[in-house]
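Visitor: sharing a model that was predicted from the sequence below.
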Amino acid sequence: MKRVLVIVPFPMNDEEVSRRKTQLDSVRLGADIAFDFRPVRLGPSSYTSQHDFTLADFSILDAGIDAETDGYDAVCIDTMSDSGMSALRSILNIPVIGPGRHAMLTALMLGERFSVLVMWDRWKPLYTKTLGELGLRDKCASIRSIGVQPDNRKLLAGKEDDVFPKLLEAAQRCIDEDGADVIILGSTTMHQAHAYLAERLTVPVINPGPLSYRLAETALKLNLVHSRSTYPSPLVEKKDMIRAIGAAGAAAAATAGQGA
């Protein structure tokens, strides 16, 4: 049995993590693979600034640093920001999959140009960063927001009647006005809208979380892992330091009432 660690990018309780786990219902996976969802123990409250992005990179590095020694065969990062992916690849010898870049690259297997459909404008720097790293800015038809602040814990539950039609209208504009051949959901927190949109749009709609699970399974079956030429190992690992900083940060957040 292969085991995959899915790192949830916010400190969360079991009920909140369970909403993330329902992404597994959207993809068929083999009986020989299991996915464990683990929330980070510290991190930003949202991903809206460079301050947040730096904390997010560290929090996911902290959460996944021992994945290999804990017996996991791969890691998936449950955020389109791909936070911590590069750092984890530098210290792990197992596949580490970030849904952001993989969703964009998969979109280009299905069409010529894609649009990223997002909840609010303050997420946009996450996508422009990845587009720049991949050299794909000319392949992105648009990044369209519906102007609704997301709820990282409750996701879209109870907001379907309001949010789903707004997402559909924005996605249709991506197709009609921007020339998108493929729509990418801009966050794993939006996964509950995937079926609604896929049934009503005439182009493929990529659900990034389930895609990352399938890609992790594929990488394991093909015995593929990231290149050490791109992600070199550190000359001196500082795992104990990372763990200590993570523990101190989590303790400080708990004292301040900012934990899960």
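Guide: Right, received. Where do you want to start?
Visitor: now the spatially most central residue of the chain: closest residue in space, sequence neighbours ignored.
Guide: Closest residue to the average C-alpha location of the chain: residue 79 at 2.1 Å, with C-alpha atoms, centre = their mean. Leaving aside its sequence neighbours, residue 79 sits nearest to residue 9 (C-beta to C-beta, 6 or more residues apart in numbering; 4.2 Å). Placement of C-beta: from N, CA and C, glycine included.
Visitor: for stretch 220-234, how far is the first residue from the last?
Guide: 24 Å (C-alpha to C-alpha, to the nearest Å).
Visitor: quick check: mean pLDDT of that stretch?
Guide: Mean pLDDT, computed over stretch 220-234, is 98.
Visitor: circling back to that earlier point, and the gap between the residue nearest to the centre of the chain and residue 188?
Guide: 6 Å (C-beta to C-beta, to the nearest Å).
Visitor: mutual contacts of these two, please.
Guide: residue 99 (C-beta atoms under 8 Å, 6 or more residues apart in numbering).
Visitor: tell me the domain ranges of the protein?
Guide: Structural domains annotated on the chain: 2-99+211-255, 101-207, as defined by automatic domain parsing.
Visitor: any idea how far the first one is from the chain center?
Guide: Looking back up the chat, that one is domain 2-99+211-255. Its chain's average C-alpha position is 9 Å from that of domain 2-99+211-255, according to C-alpha atoms, centre = their mean, to the nearest Å.
Visitor: try the shortest one
Guide: With C-alpha atoms, centre = their mean as the basis, domain 101-207 stands 13 Å off its chain's centre.
Visitor: between the two ends of it, what distance do you get?
Guide: First-to-last residue span, domain 101-207, C-alpha to C-alpha: 13 Å.
Visitor: so for it, what's the average pLDDT?
Guide: On average, domain 101-207 scores 93.
Visitor: how is the closest residue to residue 55 other than its chain neighbours assigned, secondary-structure-wise?
Guide: Distances taken as C-beta to C-beta, 6+ apart put residue 44 closest to residue 55, at 4.4 Å, once the chain neighbours are dropped. Three-state assignment for residue 44 (DSSP: H, G, I helix; E, B strand; the rest coil): coil.
Visitor: neighbours of the closest residue to residue 104 other than its chain neighbours, how many?
Guide: Excluding its sequence neighbours, the residue lying closest to residue 104 (C-beta to C-beta, 6+ apart) is residue 136, at 5.9 Å. Neighbour count for residue 136, taken as other C-beta atoms under 10 Å: 17.
Visitor: and what of the one 10 residues further on?
Guide: Number of residues near residue 146 (other C-beta under 10 Å) recorded here: 18.
Visitor: quick one: contacts for it?
Guide: 118-120, 163, 166-167, 169-170.
Visitor: and the closest residue to it other than its chain neighbours, how far from residue 75?
Guide: Leaving aside its sequence neighbours, residue 146 sits nearest to residue 166 (C-beta to C-beta, 6+ apart; 4.3 Å). Residue 166 sits 33 Å away from residue 75, going by C-beta to C-beta.
Visitor: same deal with residue 127?
Guide: From residue 127 to residue 75 the distance is 22 Å (C-beta to C-beta).
Visitor: give me the more crowded residue out of the two.
Guide: Higher neighbour count among residue 127 and residue 75: residue 75, with 27 against 21, using other C-beta under 10 Å.
Visitor: tell me where the stretch 151-260 of the chain has strands.
Guide: Using DSSP state E, counting those that start in this stretch, the strands of the stretch 151-260 of the chain run over 182-185, 205-206.
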